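**Student:** here are the coordinates; sequence isn't available:
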């Protein structure tokens, strides 16, 4: 496969996954803002949404204040933000258009229809309409991902789409966890209190894991168990551990097909081994923020290694 084809497939999946992630951030933020002001501790949840998305500096260059209207516009619709939902869907569609012969007709139709439908939306809608828009984004991305899973041949084209999805999903889960633990809870609110419980429950909803949490742990929501589910549980689709099982699997298939291993295989295998040998008690004793920050850095290093090894 040509490197530019692999690159387009990889980034098609990354941007599709990122659109879903941003929609989930905004949906969770809307839930958090329903709390009474006296209960929320005075902390700006919209600032936390920006921190999760990792676009604070660009936002500040475009807007003077972070509130519902400006953050909604920036994260959902602003074409100057390369990670807005609009930009993500457009970039995913452009990548798909450049490699249409590597995609099934179903996958192309789903991406193209999403791009056409996205043109109908802008920030001049009510909060209720905006919530429906976010649900639409999540459904669209699920449909695109399902088209890939159900219709693509299990060859290198499919493998590169899975790499893009897994590495983006790992990054997204890490950012959600880090922002919740490090930024969101007001200093005056105790860990384990009612606000803390509500926020962790919202995070589980954000990553479609609330039901899974109760199946696995069969008790009330506790921060260390949420972290255990989203970091170490290999059965959880959005966990660090599951994402790295996927990354190692498809990087190994690519290495076998191309007859060469390299830095990306070593980095992915090393991270999987580290996650397998870790316990949530050890992670919390060292510091969840420090662990997650190191994970994000290593995940970025893997992305660069994949790009240098296969996409350039």
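**Tutor:** Thanks, I have it. Worth saying up front: this structure is predicted, and the values here are computed from it rather than measured.
**Student:** for the lengthiest helix in the chain, buried residues please.
**Tutor:** Scanning the chain for the longest helix, with DSSP state H as the assignment, gives helix 3-32. Judged by neighbour count using 16 or more other C-beta atoms under 10 Å, the buried positions of helix 3-32 are 5-32. To be clear about C-beta, it is placed using only N, CA and C from the backbone, and glycine gets the same treatment.
**Student:** that helix - what's its average pLDDT?
**Tutor:** On average, the pLDDT along helix 3-32 is 93.
**Student:** look up phi and psi at residue 121.
**Tutor:** When quoted as degrees, to the nearest 10, the phi and psi of residue 121 stand at phi -100, psi 150.
**Student:** same check on residue 84?
**Tutor:** Dihedral angles (degrees, to the nearest 10) for residue 84: phi -70, psi 160.
**Student:** and it, how many neighbours?
**Tutor:** 22 (other C-beta atoms under 10 Å).
**Student:** and it, what does it touch?
**Tutor:** The contact partners of residue 84, by C-beta atoms under 8 Å, 6 or more residues apart in numbering, come to 22, 74, 75, 76, 77, 78.
**Student:** burial measure for the closest residue to the fourth one other than its chain neighbours, as a count.
**Tutor:** Pointing back at residue 76 there. Nearest non-adjacent residue to residue 76, counting by C-beta to C-beta, 6 or more residues apart in numbering: residue 85, 4.8 Å away. When neighbours are counted by other C-beta under 10 Å, residue 85 registers 26.
**Student:** just the buried ones from the contacts of residue 84?
**Tutor:** For the contacts of residue 84, buried by 16+ other C-beta under 10 Å: 22, 74, 75, 76, 77, 78.
**Student:** tell me the one among these nearest to residue 103.
**Tutor:** residue 22 (23.2 Å; C-beta to C-beta).
**Student:** distance of that closest one relative to residue 141?
**Tutor:** Distance, residue 22 to residue 141, by C-beta to C-beta, to the nearest Å: 10 Å.
**Student:** just want the angle from the host helix or strand of residue 88 to helix 3-32.
**Tutor:** Using DSSP states H and E, the element containing residue 88 is helix 85-98. Here helix 85-98 points in a direction 160 degrees away from that of helix 3-32 (axes from the mean of the first three to the mean of the last three C-alpha atoms, to 10 degrees).
**Student:** got the buried ones among the contacts of residue 84 as CSV, with secondary structure and distance to residue 291 columns?
**Tutor:** Listed next are the buried ones among the contacts of residue 84 as CSV, based on DSSP: H, G, I helix; E, B strand; the rest coil; distance: C-beta to C-beta, whole Å:
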residue, secondary structure, distance to residue 291
22, helix, 24
74, helix, 29
75, helix, 26
76, helix, 31
77, helix, 34
78, coil, 32
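**Student:** can I get the residues you listed in a markdown table including distance to residue 60?
**Tutor:** As requested, these are exported to a markdown table (distance: C-beta to C-beta, whole Å):
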| residue | distance to residue 60 |
| --- | --- |
| 22 | 18 |
| 74 | 10 |
| 75 | 14 |
| 76 | 18 |
| 77 | 18 |
| 78 | 13 |
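**Student:** please report how far residue 9 lies from residue 224.
**Tutor:** 38 Å.
**Student:** likewise residue 12?
**Tutor:** Relative to residue 224, residue 12 is positioned 36 Å away (C-beta to C-beta).
**Student:** flag the shaky bits of the chain, pLDDT-wise.
**Tutor:** For the chain, the stretches flagged by pLDDT under 70 are 35-44, 180-196.
**Student:** would you map out the domains in it?
**Tutor:** Domain assignment for the chain, taken from automatic domain parsing, gives 1-152, 154-312.
**Student:** from the chain's centroid, how far away is the shortest one?
**Tutor:** Domain 1-152 sits 10 Å away from the centroid of its parent chain (C-alpha atoms, centre = their mean, to the nearest Å).
**Student:** what does the longest one give?
**Tutor:** Its chain's average C-alpha position is 10 Å from that of domain 154-312, according to C-alpha atoms, centre = their mean.
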